[in-house]
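Q: Here is my input, please return the structure:
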Amino acid sequence: MYFTTNACNNCGKCWEACPVDCIKHPQNLPFSCTTCGVCASVCPTTAIRKNRFGGYYIDRKRCTLCGLCVKHCPFTFAKIVGGRVKGICVRCGVCVKVCPVNVRVDALPIIKVPIEYNLLLEIATPERLAALIQGKKVDEKAVAVR
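A: Okay, the predicted model is just below:
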């Protein structure tokens, strides 16, 4: 999962460059697919698989476009567009590379993994993510690695 600090200038380069369309911008702060794995856990054909970078990819040969990943995505990232599932982060890092002000941050070094799904729901808001990146206490259950 990638975070965006509140120093973001909303240029849009990260969500324009994302090859899988997994970045939203609520409250004008880019927010990425959290790679929580719910989509993979509900896929009846195991078409959604974890890659070596900690992200997920879709095996197009196995995917039947049943829509269960879309239905169960807790942050509504997964979607079917043009006969393909999109919105699931592969953790390619393109969003970090294209950011002109270096405000996209890889969360894996910041948050201990595996992170519980319920905790992810608690901290996955732009305000809480910004606080976590700044090293502020977010929640007693949310333990930063730093």
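Q: what about Cys39, helix or strand, and which?
A: Assigned by DSSP states H and E, Cys39 belongs to helix 38-42.
Q: which regions of the protein lie under the pLDDT threshold?
A: For the chain, the stretches with pLDDT under 70 are 112-126, 129-146.
Q: Apply 50 and report the result again.
A: Filtered on pLDDT under 50, the chain yields the residue ranges 140, 142-146.
Q: in it, which spans are strands?
A: Per DSSP state E, the chain carries strands over the ranges 2-4, 23-24, 31-32, 48-50, 56-58, 79-81, 84-86, 104-106.
Q: which strands and helices sit next to the first one?
A: Using 3 or more Cβ pairs under 8 Å, 6 or more residues apart in numbering; DSSP states H and E as the contact criterion, the elements in contact with strand 2-4 are strand 31-32, strand 104-106, helix 126-133. Backbone N, C-alpha and C define where each C-beta goes, glycine included.
Q: now the helices: where do they sit in the chain?
A: Ranges of helices in the chain, per DSSP state H, are 13-17, 38-42, 68-72, 94-98, 117-123, 126-133.
Q: ok, now how distant is the residue most central in space within the chain from Pro100?
A: With distances taken as Cα atoms, centre = their mean, Cys33 lies nearest the centre of the chain, 2.1 Å away. As for Cys33, its distance to Pro100 is 22 Å (criterion: Cβ to Cβ, to the nearest Å).
Q: re earlier: nearest approach to Glu16 belongs to which of the strands of the chain?
A: strand 23-24 (9.0 Å; Cβ to Cβ).
Q: Partner strands of that closest one, with direction?
A: strand 31-32 (antiparallel) (DSSP bridges).
Q: so how far is the strand it pairs with from its chain's centroid?
A: Taking Cα atoms, centre = their mean, to the nearest Å, one finds strand 31-32 lying 5 Å from the centre of the chain it belongs to.
Q: Stretch 4-12 too?
A: Relative to its parent chain, stretch 4-12 has a centroid offset of 16 Å by Cα atoms, centre = their mean.
Q: go on, stretch 94-104?
A: 15 Å.
Q: Show me which positions of that stretch end up buried.
A: For stretch 94-104, the neighbour count (16 or more other Cβ atoms under 10 Å) marks 94-96, 98-99, 103-104 as buried.
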